[in-house]
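Participant: could you work out the structure for the sequence below:
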Amino acid sequence: MTQRNGPGGTVLGTWVVTLVLLVLGACSTPEPAAEEEKDFARPLPEGSPALVRCDPSEIPDFRPVFKDRERALEALNESLAYFGKPSSKTWFPYSTADREITHEDQVLTLEKLEEALTISESAEEFHGRCLLAFDVYRSVGWDGGGDVLFTAYCEPIFEGTQARDATHRYPLYRRPSDLVTDPTDGTPLGRRTRDGSITPYFTRGQLNTNGHLDGLELVWLKDPFEVYVAHVQGSARVNLPGGEQMCIGYAGKTDKPYTSVGLRLVEEGKIRNDNLSLTTLKRYFRDHPEEASRALPVNESFVFFMEREPGPFGSIGAKVTPYHSVATDKSVFPRGGPCIVRTKLPFAGRDAGGIQWRDATCLAFDQDTGGAIRSAGRCDLFVGTGPEAERLAGHTREVGRLHYLFIKE
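Facilitator: Residues are numbered from 1 along each chain as shown. I've put the predicted structure just below:
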């Protein structure tokens, strides 16, 4: 579980897991690596590209993704709609190690991929069309070797009220008027003071106690950990007492960095690293409610919300699709284009509460941004809406490879 955020509305997640048949990959994926040995958040050296052209031996097998082409086409069309907006031209050309990708290149890439998905009559034909049409690049990963840490996010569903009561005492807030963000990409800059200057925003701990957000309450939840999960996922659905469901999305965040509460509890010896998941964290705070006020403010990043139409939506304004939308660091990766995710992912097991792990290959589209997804060594996969998606997202933390497709020069 990793914090995500984007001006389009997700910051961190959405879920309606009709578990998309995520294709089993014919290619093997690297074994998970010990996190203490690999710094997946390491920034790229100054001027270094995030993507390098693949050797022929590194090109992934495209056949597995053909099985779920209908959902892939849904996500692809969301990206095409994004590239129809004049603002999308702001972010191009995009530079790889050996070529520049223009806005037109990205559009042609999507159109050619749409054609291949639509007219191919078999996975083998689709694979051949991809080899003919696209240059394949891979992420350099955290250290240049290509290893990328994959996590997942979702859209949780909570019970809540629009007015505080004895049970629902923990609010999600609307965006305050003094929050300053970059008008081009939504990067938080701080808080505007009365004299017009910009100063760092309050910490999570301060906002929880100083009353600065009084009157901006959007909806009230019954558990402080639910508030934390909403902040991490960046979107949620809230079931209200009258039977209505409120959909809320990302409206901005403070300039404070994301810190993983789960990893901090691991460092403190409260949770075993090999047992870290969203389910484990829920159980921990249920059994130790007194810990919430101490542990949760470790993550100083504070997210604001707005009510919006059902989504969720990524930072480019695209409605994200389970297993076909990813969140990456948009300072190093190109917006909206297709990519291939190759890693090990959890799926619902046959027994109640069971989880099965499979090597998987997904055709995804880079449609979102993550508050904790910084560097070429990180990627967050959207897995859906609801409790099942939340459970699977909370268990996803695996190393793999991330490839991008561009129309051949």
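Participant: what about G234, neighbour count?
Facilitator: The number of residues packed near G234 is 34, by other C-beta atoms under 10 Å. Placement of C-beta: from N, CA and C, glycine included.
Participant: for it, give its distance to Q245.
Facilitator: When distances are taken as C-beta to C-beta, to the nearest Å, G234 and Q245 turn out to be 18 Å apart.
Participant: over to R175?
Facilitator: In this structure, R175 lies at 22 Å from Q245, with C-beta to C-beta as the measure.
Participant: between those two, who's got more neighbours?
Facilitator: More neighbours surround R175 than the other of R175 and Q245, with 18 against 10 (other C-beta under 10 Å).
Participant: how about the more buried one, phi and psi?
Facilitator: Dihedral pair for R175: phi -70, psi 130, per degrees, to the nearest 10.
Participant: next one: T396
Facilitator: Dihedral angles of T396 (phi, psi; degrees, to the nearest 10) stand at phi -90, psi 120.
Participant: what's the burial count for it?
Facilitator: The local packing count at T396 equals 23, with neighbours defined by other C-beta under 10 Å.
Participant: does it touch C154 like I think?
Facilitator: No - in this structure T396 lies outside contact range of C154 using C-beta atoms under 8 Å: 9.8 Å.
Participant: which residues are in contact with each of the two?
Facilitator: V383 (C-beta atoms under 8 Å, 6 or more residues apart in numbering).
Participant: tell me the buried residues in the longest strand seen in the chain?
Facilitator: When the chain is scanned for its longest strand (criterion: DSSP state E), the result is strand 355-369. For strand 355-369, burial by neighbour count (16 or more other C-beta atoms under 10 Å) applies to D359, A360, T361, C362, L363, A364, F365, D366, Q367, D368, T369.
Participant: tell me the helices and strands packed up against the helix or strand following it.
Facilitator: Following the chain from strand 355-369 toward its C-terminal end, the next helix or strand by DSSP states H and E is strand 378-385. The elements that strand 378-385 packs onto, with contact taken as 3 or more C-beta pairs under 8 Å, 6 or more residues apart in numbering; DSSP states H and E, are strand 148-155, strand 325-328, strand 338-348, strand 355-369, helix 387-395.
Participant: of all the ones you listed, which one is nearest E78?
Facilitator: Ranking the helices and strands packed on strand 378-385 by their distance to E78 (criterion: C-beta to C-beta) puts strand 355-369 first, at 6.6 Å.
Participant: does F302 really touch D255, like I thought?
Facilitator: No - proximity of F302 to D255 does not meet the contact threshold set by C-beta under 8 Å, at 9.7 Å.
Participant: which one of the two has more residues nearby?
Facilitator: Neighbours per residue (other C-beta under 10 Å) separate F302 from D255, with F302 holding more: 24 against 19.
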